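# got a predicted structure here, sequence first:
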Amino acid sequence: MRVHRGSHYPLGATWDGRGVNVAVFSEVAEQVELCLFDDPADTTETERIALPGSTGGIRHGYFPDLRPGQLYGLRASGPYRPQDGPRCNPNKLLFDPYAKAVGRDIRHDDSQFGYDLGATDVDLTFNLRDSAATAPLAAVIDPAFTWGTDSRPVRALADTVVYELHVKGFTRRHPGVPEPLRGTYAGLASPAAIEHLVGLGVTAVELLPVHYRVSERFLVEQGLSNYWGYNTLGFFAPDPRLAAARDPHGVVREFKTMVATLHDAGIAVLLDVVYNHTAEGSERGPTLAFRGLDNAAYYHLADQRRYTYDVTGTGNTLNVGHPRTLQLITDSLRYWVQEMHVDGFRFDLAPALAREFRSYDRLSSFFDLLLQDPVLAPVYLVAEPWDVGDGGYEVGNFPVNWSEWNGRYRDTVRRFWAGAPQQLGDLATRVAGSADLYGDDGRRPSASINFVTVHDGFTLADLVSYERKHNEANQQDNRDGTDDNASWNCGVEGPTTDADITALRRRQVRNLLLTLVLSQGVPMLQAGDEFGHTQQGNNNAYCQDNELTWLDWEWDDERRALVDFTRQLLALRAAEPVFRRRNFFQGRPITGGDVKDIYWISPAGVEMQQGDWGTQLHGLGVLLVGEEISELDEQGRPIRGNSYLLLLNAGPDPVDFVLPARLGALDVEVVLDTSVQHPAGERVKDAYLMTSRSAAVLLVSRPAA
């Protein structure tokens with residue numbers, strides 16, 4: 001095998017049309033070897049070649065005889081001093097951190113540990129077993145792909161509706177998707193899947209992790225897997241388990257085809273990405289990639305450098321304070337934007353990425369790099385604004401170019417509709433876009449990604465059916481998952497045949513959906529909530545790759561009715577600019593007039609006063625004035641729309657909600673009512689009788705001349 005000195009850039013194994021350049025970072029390795037495999041079933045490499053070049057901590061070589069499709073791994077020889085940090089062990093085959101495709105999945109085995117399992121000093125020992133037979137393999141690819149006229153959907157974030165889904169779970173049981181494509185990237189790109197998304201009104205899908213991930217060994221031994229995918233090993237490689245294709249090139253092409261197809265339908269693609277930790281776990285985890293190359297560079301280490309420093313709850317935290325680790329993250333992000341054409345990212349446990357020196361720092365290098373990067377600055381950047389470290393809850397504290405999952409919104413709206421005592425002021429603030437969190441630093445309502453349910457927790461149907469988690473299927477004695485669900489089961493835990501409770505649960509689901517979709521900010525729905533998907537009370541189904549998490553597309557009349565209701569809500573939001581404001585409400589008379597842009601109304605029909613907000617009312621009216629939006633469209637023209645009155649009654653009793661006096665000379669008619677007691681189009685005068693625990697949307701307009 002011929003080998004030349006090659007180049008230190010780009011990192012990874014890169015096909016240039018004539019050969020393959022291999023570049024691997026390690027400050028501590030004395031030698032890095034490229035190990036070639038002819039077949040995934042091989043138990044050892046056919047060739048092992050030392051990379052001859054060394055530049056600034058990067059080992060590199062150029063191989064004119066290698067071609068796309070080549071399977072490979074790496075070995076790093078160097079210091080093994082766990083007490084000081086380095087854990088190089090050339091007996092362990094390593095996955096290339098920059099691998100663009102997976103050539104073979106991992107098969108868990110004791111040989112993958114750098115130390116002797118069961119030894120007295122445990123991880124301080126040095127294990128001589130070779131892991132080549134079971135370690136994951138990377139594959140060289142030719143990135144060429146005909147994108148044709150693919151273009152990113154151009155849509156303001158304020159006009160976006162995000163739909164969080166799992167690639168497999170969304171189509172695994174869909175009868176309209178061809179059987180071989182169900183549960184795959186190709187399945188998500190199928191006409192049946194696209195039809196549902198477009199028909200519902202979705203404008204962006206947020207995919208649960210699609211980077212190559214490893215299921216934890218304890219799960220595999222229990223017959224489970226890391227279904228959600230929050231255990232990344234390859235930050236550049238799409239997970240082959242989510243593909244219909246079986247070869248590495250086919251997996252990459254299938255992912256690209258999915259993105260192009262979604263774009264053709266006007267749907268943006270966001271990736272849920274996990275750059276806060278890797279699948280190698282704590283210092284007692286296996287040596288699969290980063291640990292064997294340069295443990296101290298890739299991972300935050302504790303003061304006693306034998307141990308990892310963990311703010312993620314997984315055993316390790318990536319060391320964003322090291323420039324090469326920061327480069328790995330930004331190179332990965334750019335790759336997915338430039339080569340895979342994705343439109344944005346949701347960052348799991350995002351504060352961990354701003355802990356250069358352990359404390360969260362809003363002025364960190366990570367934020368600076370993304371703000372200045374010409375590739376990354378234009379895409380959607382969404383934070384999960386908390387991790388498990390000290391000072392890890394940072395809702396409202398991300399830079400101006402970021403949006404955030406608004407956990408305050410979720411908690412407040414859940415508690416309001418569950419009937420929990422709380423002040424209405426917080427609910428009003430959340431419905432109005434959370435200006436207290438995002439309005440003080442120049443951000444807009446679109447900084448708030450509003451949600452009530454997501455993958456992590458109860459589904460919407462379960463939120464109104466269970467008060468306690470039921471995670472026994474996870475085989476962890478129901479100890480996993482949160483105990484704080486802010487849920488209400490409507491009187492009975494779990495399934496029931498009681499018609500009154502069933503009707504109440506249906507109403508509660510609609511109440512929550514209506515509040516979510518018509519609040520200021522960006523609504524995010526969890527896939528399946530629009531047709532009542534249940535996980536039987538499991539609020540941590542991360543390891544359930546089965547019919548518990550796969551969506552059931554066989555709908556009865558009630559499920560169809562819920563889908564239709566969701567479509568109506570999203571269509572209303574799309575049609576009326578008053579629900580998609582670019583700026584926060586002023587809450588005071590607009591210059592030159594006596595009309596406000598928003599009014600908060602009590603059930604008595606009078607405007608809420610300062611002293612009213614501290615009372616424990618269960619009802620609230622919100623009058624949104626469409627003529628006083630005071631915003632301009634993209635062409636600089638004033639935005640005008642209709643006015644609407646939202647009525648929310650979370651109390652156990654009916655409410656005769658008096659219409660405010662200023663509406664007396666206007667026409668008011670029903671648009672939506674979650675109790676279905678009032679049909680759409682019904683005219684309203686003086687007062688509106690609301691069923692207990694219900695919500696309504698009323699259109700306010702001037703009488704026809």
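Okay, I see it.
# can I assume Leu427 sits in a helix?
Yes - assessed by DSSP: H, G, I helix; E, B strand; the rest coil, Leu427 belongs to a helix.
# tell me which residues touch it, please.
Under the criterion of Cβ atoms under 8 Å, 6 or more residues apart in numbering, the neighbours of Leu427 are 412-413, 416, 620. Glycine gets a C-beta too; all of them are placed from N, C-alpha and C.
# ok, those vs Leu224, which is closest?
Nearest to Leu224 among the contacts of Leu427 is Val413, at 32.1 Å by Cβ to Cβ.
# what's the strand or helix carrying that closest one in contact with?
Element membership for Val413 (DSSP states H and E) is helix 407-417. Here helix 407-417 makes contact (Cβ under 8 Å, 6+ apart) with 385-386, 393, 395-396, 422, 426-427, 430, 434, 437, 448, 450-453, 463, 485-488, 508, 511-512, 515-516, 519, 521, 648, 650, 693.
# can I have the buried ones of the residues you listed as a ChimeraX selection?
With 16 or more other Cβ atoms under 10 Å as the criterion, this ChimeraX line picks the buried residues out of the contacts of helix 407-417:
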select :385,386,395,396,426,427,430,434,437,448,450,451,452,453,463,485,486,487,488,508,511,512,515,516,519,521,648,650,693
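# among the contacts of helix 407-417, which lie within strands?
Among the contacts of helix 407-417, DSSP state E puts 448, 450, 648 in strands.
# okay if I get those as TSV plus pLDDT and distance to Ala50?
Output for these, formatted as TSV (pLDDT from 0 to 100; distance: Cβ to Cβ, whole Å):
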residue	pLDDT	distance to Ala50
Ser448	98	53
Asn450	98	54
Leu648	97	69
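# any idea which of the residues you listed is closest to Ala354?
Ranked by distance to Ala354 (Cβ to Cβ), the ones in strands among the contacts of helix 407-417 are led by Ser448 at 19.6 Å.
# does Tyr307 touch Leu301 like I think?
Yes - using Cβ atoms under 8 Å, Tyr307 makes contact with Leu301 at a distance of 6.9 Å.
# thinking again about what came up before, now the contacts of Leu427 in CSV, with distance to Gly187?
Below are the contacts of Leu427 laid out as CSV (distance: Cβ to Cβ, whole Å):
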residue, distance to Gly187
Thr412, 36
Val413, 32
Phe416, 37
Leu620, 42
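# out of those residues, who's nearest Asp343?
Looking across the contacts of Leu427 and measuring by Cβ to Cβ, the closest to Asp343 is Val413, at 27.0 Å.
# so the closest one versus Ala420, what's the distance?
Relative to Ala420, Val413 is positioned 11 Å away (Cβ to Cβ, to the nearest Å).
# and those two? which has more neighbours close in?
A count of neighbours by other Cβ atoms under 10 Å puts Val413 above the other of Val413 and Ala420, at 26 against 14.
# where does the stretch 51-200 of the chain dip in pLDDT?
Residues of the stretch 51-200 of the chain meeting the criterion pLDDT under 70: none.
# what ranges do the helices span in it?
Using DSSP state H, counting those that start in this stretch, the helices of the stretch 51-200 of the chain run over 167-171, 185-188, 191-200.
# again with the stretch 301-450 of the chain
Applying DSSP H, counting those that start in this stretch to the stretch 301-450 of the chain gives helices spanning 323-338, 365-372, 407-417, 424-431, 435-438.
# in a markdown table, list those along with distance to Cys543 and mean pLDDT.
Rendered in a markdown table, the data for the helices of the stretch 301-450 of the chain read as follows (distance: least, Cβ to Cβ, whole Å; pLDDT from 0 to 100):
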| stretch | distance to Cys543 | mean pLDDT |
| --- | --- | --- |
| helix 323-338 | 25 | 98 |
| helix 365-372 | 30 | 94 |
| helix 407-417 | 23 | 97 |
| helix 424-431 | 32 | 94 |
| helix 435-438 | 33 | 96 |
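# present the ones you listed as a markdown table; the columns should include distance to Cys35.
A markdown table is the format used below for the helices of the stretch 301-450 of the chain (distance: least, Cβ to Cβ, whole Å):
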| stretch | distance to Cys35 |
| --- | --- |
| helix 323-338 | 21 |
| helix 365-372 | 33 |
| helix 407-417 | 45 |
| helix 424-431 | 54 |
| helix 435-438 | 50 |
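# so which of these gets nearest Val379?
Proximity to Val379, assessed across the helices of the stretch 301-450 of the chain by Cβ to Cβ, is greatest for helix 323-338 (5.9 Å).
# what angle do the closest one and helix 365-372 make?
For helix 323-338 against helix 365-372, the angle between stretch directions is 30 degrees (axes from the mean of the first three to the mean of the last three Cα atoms, to 10 degrees).
# helices or strands next to helix 323-338 in the packing?
strand 232-238, strand 268-273, helix 290-298, helix 365-372 (3 or more Cβ pairs under 8 Å, 6 or more residues apart in numbering; DSSP states H and E).
# ok, now with 6 Å
Secondary-structure packing of helix 323-338 (3 or more Cβ pairs under 6 Å, 6 or more residues apart in numbering; DSSP states H and E): strand 232-238.
# parallel or antiparallel, list what pairs with the strand it packs on.
In the sheet, strand 232-238 lines up against strand 211-213 (antiparallel) (DSSP bridges).
# what mean pLDDT does the strand it pairs with get?
Across strand 211-213, pLDDT averages out at 98.
# can you give the contact residues for it?
The contact list for strand 211-213 (Cβ atoms under 6 Å, 6 or more residues apart in numbering) reads 102, 229, 231-235, 237, 239.
# repeat that for stretch 133-147.
Stretch 133-147 is contacted from outside by 13, 15, 20, 37, 43, 68, 70-73, 93, 95-96, 99-101, 103-107, 109, 248-249, 252, 256, 339, using Cβ under 6 Å, 6+ apart.
# distance between the ends of that stretch?
With Cα to Cα, to the nearest Å as the measure, stretch 133-147 spans 37 Å from end to end.
# buried set for that stretch?
By 16+ other Cβ under 10 Å, the buried positions in stretch 133-147 come out as 134-141, 143, 145.
# just curious, which of those is nearest to Gly481?
Taking Cβ to Cβ as the measure, Gly481 lies nearest Pro136 of those, at 29.0 Å.
# gap between stretch 418-434 and the chain center?
24 Å (Cα atoms, centre = their mean, to the nearest Å).
# then stretch 64-75?
Centroid separation for stretch 64-75 versus its chain: 33 Å, with Cα atoms, centre = their mean.
# buried set for it?
For stretch 64-75, a neighbour-count test (16+ other Cβ under 10 Å) marks 66, 68, 70-75 as buried.
# inside strands: which ones of these?
Among the buried residues of stretch 64-75, DSSP E puts 71-75 in strands.
# report the distance from the helix holding Val413 to the chain centre.
Counting by Cα atoms, centre = their mean, helix 407-417 is centred 19 Å from the centre of its parent chain.
# would you mind writing the CA trace of it as CSV?
Below are the C-alpha coordinates for helix 407-417, written out as CSV (Å, rounded to 0.1, in the frame of the first residue of the first chain):
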residue,chain,number,x,y,z
GLY,A,407,-39.3,25.2,29.8
ARG,A,408,-41.0,28.0,31.7
TYR,A,409,-43.8,28.0,29.1
ARG,A,410,-44.2,24.2,29.3
ASP,A,411,-44.5,24.2,33.1
THR,A,412,-46.8,27.2,33.3
VAL,A,413,-49.3,26.0,30.7
ARG,A,414,-49.4,22.5,32.1
ARG,A,415,-50.1,23.7,35.6
PHE,A,416,-52.8,26.1,34.5
TRP,A,417,-54.8,23.5,32.6
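# sounds good, over and out.
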